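Engineer: Predicted model, plus sequence, below.
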Amino acid sequence: MGKKIYGIFDQMRYSDFLFLLVLFANLIIVVYLGVGNHQKALKVGQLQENGEQIVAWFEGFETKLQAGDSVSQKSCVPVNEGSVNTRGVKVNIWKDCVGSLFASDGPFAAYSNLLMTDNPPYSDKCDKQQLGTSGAFIFEKLIPNPAGPSVAVPIEPNEILISGMNIRLSVCDTGYYLIKIGEFKL
C-alpha cells in the first residue's frame with residue numbers, strides 16, 4: 001500500500017502540488033465564508049422574530065388604548081387627528097416614543113442590533129453610506145395613495161403621533177435592503 005501511494009506522488013509535478021494546495025485553500029475559504037453567512041442569517045432571522053413581537057405589541061397597544069387601560073408607554077399614546085391644534089393637549093412625538101420603547105425600562109430594552117452590536121437597534125432609514133444601519137429596525141410611515149399602493153416614507157423624529165397613523169416595520173439586512181416585517185396602526 002505504501003508503494004502505491006508513493007507511486008502516485010512520485011509521478012506528480014510541482015504544478016500538480018500547487019494545484020492541490022490552491023484547491024484545499026479554496027475549500028477552506030468556502031467553508032469559512034459559508035459558516036459566517038449562516039451565522040449572519042440566523043441573526044437576521046432573530047431580528048425578524050423580534051420585529052414580529054414589536055408589531056404584536058403595537059397591535060395590543062391599540063386595543064389597550066381603546067379599552068382605556070393604563071398603558072406603560074405614555075410617550076407612544078397618539079392624539080386624535082382633530083385635537084392636534086387644541087391648546088392644552090399633550091402631543092407625543094415619534095422620537096420620544098421610539099426612544100422609550102428601546103430604553104432601559106422599555107418593553108424592548110433587551111433588543112439590540114445583532115449585526116452591528118455597537119449601534120442602536122433602530123434607525124431612520126437603511127443606508128449603505130451609514131454602515132451601522134445594518135441590523136437596525138426601520139419604522140416608516142405609510143401614506144395612502146389613491147392611485148395605487150401606499151407610499152412608505154421615513155418617520156421624522158419630530159413627527160406628531162396621530163391616531164390611525166399607519167406604520168410599517170422593517171429590518172435592514174446585511175446587504176442594506178429592507179426586509180418587511182409587518183404593519184400596524186397607532
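Structural biologist: All right, it came through fine.
Engineer: quick one, helices of the protein?
Structural biologist: Assigned by DSSP state H, the helices in the chain fall at 2-10, 14-67, 94-101.
Engineer: Just send those helices back as a markdown table, with mean neighbour count too.
Structural biologist: For glycine as for every other residue, the C-beta is placed from the backbone atoms N, C-alpha and C. Output for the helices of the chain, formatted as a markdown table (neighbours: other CB atoms under 10 Å):
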| stretch | mean neighbour count |
| --- | --- |
| helix 2-10 | 8 |
| helix 14-67 | 12 |
| helix 94-101 | 19 |
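Engineer: Just tell me which of those helices ends up closest to E81.
Structural biologist: Closest to E81 of the helices of the chain, according to CB to CB: helix 14-67, at 14.5 Å.
Engineer: Just the angle for the closest one relative to helix 94-101, thanks.
Structural biologist: 100 degrees (axes from the mean of the first three to the mean of the last three CA atoms, to 10 degrees).
Engineer: With only the CA atoms kept, save stretch 177-186 in PDB.
Structural biologist: These are the backbone C-alpha positions of stretch 177-186, laid out as PDB (Å, rounded to 0.1, in the frame of the first residue of the first chain):
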ATOM      1  CA  TYR A 177     -32.100  46.100   1.800                       C
ATOM      2  CA  LEU A 178     -35.300  46.300   3.800                       C
ATOM      3  CA  ILE A 179     -36.900  43.100   4.900                       C
ATOM      4  CA  LYS A 180     -40.600  44.000   5.600                       C
ATOM      5  CA  ILE A 181     -41.900  42.500   8.900                       C
ATOM      6  CA  GLY A 182     -45.400  43.900   9.400                       C
ATOM      7  CA  GLU A 183     -47.700  46.900   9.600                       C
ATOM      8  CA  PHE A 184     -49.700  48.400  12.400                       C
ATOM      9  CA  LYS A 185     -51.900  51.400  13.300                       C
ATOM     10  CA  LEU A 186     -51.500  53.700  16.200                       C
END
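Engineer: residues of that stretch that come out buried?
Structural biologist: For stretch 177-186, burial by neighbour count (16 or more other CB atoms under 10 Å) applies to 181-184, 186.
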